[in-house]
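*Asks:* Sequence plus the predicted model coming up.
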Amino acid sequence: MLELKNEKIAIPVVLFAGLLWSFGPLIVRYMDEPNLIPWQYLFTRGITIFCVLNVYLFFLEGKKFYLNYYNIGFSGIIGGTGLGIAMITFIWSITNTSAAITLLCLAAMPFISALLGFLFLKERILLNVWLAIIIAAVGIVIMALGNINQSSIIGLVFGLTSAFGFSIFSVSLRWRKETPKFTTVAFAGIFCAVVAAIVLFKSNTSFISTSHNEGLFAIHGTLVCFGLILYSLGSKAIPAAELTLLSLTEIVGGIFWVWLPLLGINEVPTNNTIIGGFLIFMAIIYYSLTIKTNRRFIALN
């Protein structure tokens, strides 16, 4: 696999990966009634992720790329399922609350990963990490208190569930480090597509939305894949602590794009979201600056 060993090149590559991911919430907002078509979205996006990553693996490893699936193992299935659940709950979160709340819930992933690693991998949590976790938890509570209507609370719960699913994926890679990362993500894509297909079939609903929506579904899946590939290429040359900070471009960018009036959405975060988000950001920065040897981010943030 191609690796970027020069940090001066790797840093902008990782920043660009986060920038690609940050357009996800904006793309969802441009969809026609996304709250009514979540399963069509998941079906098309899942197939797109599966196909794009397998094409990439084909060009990377040749005709025998499929052998990676024989090495996925139990940890890969758990990680892929967790990632699939994260993808499913992401769309339910962002269609029930603001993009800011969804993205800030995802920003809690490093702390959820730390807790899961402590519970299942017996990884020690330092006092500094506990402090960061408490600060982030306070930020999430403040966001919840400022969004007490039923729809926003549901969106917040789904956002935290999505972060939990991503964290399961991250911890599964640390459990068995030889598990092929891209194959696990491809499995997550097909998991989403299969679950969506079952739901659509049982509800006798069309698998396809409008051409406008289908194009946006595919664009979002493609951006996820290209961002993942770039992030993985750059991650080899950048310490994990710095990666945590660089990954904030996804959160900041996502909130900025849906707010920027020029792009037509103009979604302004509430005061509680801003305060809670500020505490989460401070927790992540503190976490990154104090845990220099942390290796929690593997290929996907």
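*Replies:* Happy to help now that I have it.
*Asks:* Give me the pLDDT for Thr48.
*Replies:* The confidence metric pLDDT takes the value 97 at Thr48.
*Asks:* So, low pLDDT: which residues of the protein?
*Replies:* Along the chain, segments meeting pLDDT under 70 span 1-7, 150, 235-236, 239-244, 291-301.
*Asks:* all helices for it, in order.
*Replies:* 7-22, 24-30, 38-61, 73-94, 99-106, 109-120, 127-145, 150-175, 181-202, 211-235, 240-246, 248-259, 271-290 (DSSP state H).
*Asks:* Would you mind giving the ones you listed as JSON lines with distance to Ile265 and mean neighbour count added?
*Replies:* Glycine gets a C-beta too; all of them are placed from N, C-alpha and C. Below are these laid out as JSON lines (distance: least, C-beta to C-beta, whole Å; neighbours: other C-beta atoms under 10 Å):
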{"stretch": "helix 7-22", "distance to Ile265": "13", "mean neighbour count": "19"}
{"stretch": "helix 24-30", "distance to Ile265": "5", "mean neighbour count": "21"}
{"stretch": "helix 38-61", "distance to Ile265": "18", "mean neighbour count": "20"}
{"stretch": "helix 73-94", "distance to Ile265": "12", "mean neighbour count": "23"}
{"stretch": "helix 99-106", "distance to Ile265": "8", "mean neighbour count": "27"}
{"stretch": "helix 109-120", "distance to Ile265": "24", "mean neighbour count": "20"}
{"stretch": "helix 127-145", "distance to Ile265": "20", "mean neighbour count": "18"}
{"stretch": "helix 150-175", "distance to Ile265": "16", "mean neighbour count": "21"}
{"stretch": "helix 181-202", "distance to Ile265": "25", "mean neighbour count": "20"}
{"stretch": "helix 211-235", "distance to Ile265": "14", "mean neighbour count": "20"}
{"stretch": "helix 240-246", "distance to Ile265": "25", "mean neighbour count": "20"}
{"stretch": "helix 248-259", "distance to Ile265": "5", "mean neighbour count": "21"}
{"stretch": "helix 271-290", "distance to Ile265": "15", "mean neighbour count": "19"}
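*Asks:* Same list, these, but as a markdown table with distance to Leu67 please.
*Replies:* As requested, the helices of the chain are arranged in a markdown table below (distance: least, C-beta to C-beta, whole Å):
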| stretch | distance to Leu67 |
| --- | --- |
| helix 7-22 | 27 |
| helix 24-30 | 31 |
| helix 38-61 | 8 |
| helix 73-94 | 13 |
| helix 99-106 | 32 |
| helix 109-120 | 28 |
| helix 127-145 | 38 |
| helix 150-175 | 19 |
| helix 181-202 | 10 |
| helix 211-235 | 19 |
| helix 240-246 | 29 |
| helix 248-259 | 32 |
| helix 271-290 | 36 |
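*Asks:* which phi and psi does the residue of the chain most remote from its centre have?
*Replies:* In the chain, the residue that sits farthest from the middle, by C-alpha atoms, centre = their mean, is Asn204; the gap is 29.9 Å. As for Asn204, its main-chain torsions (degrees, to the nearest 10) stand at phi 60, psi 40.
*Asks:* Distance-wise, check it relative to Phe43.
*Replies:* Look at Asn204 and Phe43: by C-beta to C-beta, to the nearest Å, they are 15 Å apart.
*Asks:* do the same with Leu83
*Replies:* 16 Å.
*Asks:* got the contact list for stretch 36-53?
*Replies:* Residues from elsewhere that reach stretch 36-53 (C-beta atoms under 8 Å, 6 or more residues apart in numbering): 31, 34, 84, 87-88, 91-92, 95, 182-183, 185-186, 188-197, 199-200, 205-209, 213-214, 217-218, 220-222, 224-226, 228.
*Asks:* one more time with 6 Å
*Replies:* Outside stretch 36-53, the residues within contact range by C-beta atoms under 6 Å, 6 or more residues apart in numbering are 88, 91, 182, 186, 189-190, 192-193, 196-197, 199-200, 207, 209, 214, 217-218, 220-222, 225.
*Asks:* next one: stretch 141-148 to chain centre, how far?
*Replies:* Taking C-alpha atoms, centre = their mean, to the nearest Å, one finds stretch 141-148 lying 22 Å from the centre of the chain it belongs to.
*Asks:* Ignore what I typed, I meant stretch 246-263.
*Replies:* 15 Å.
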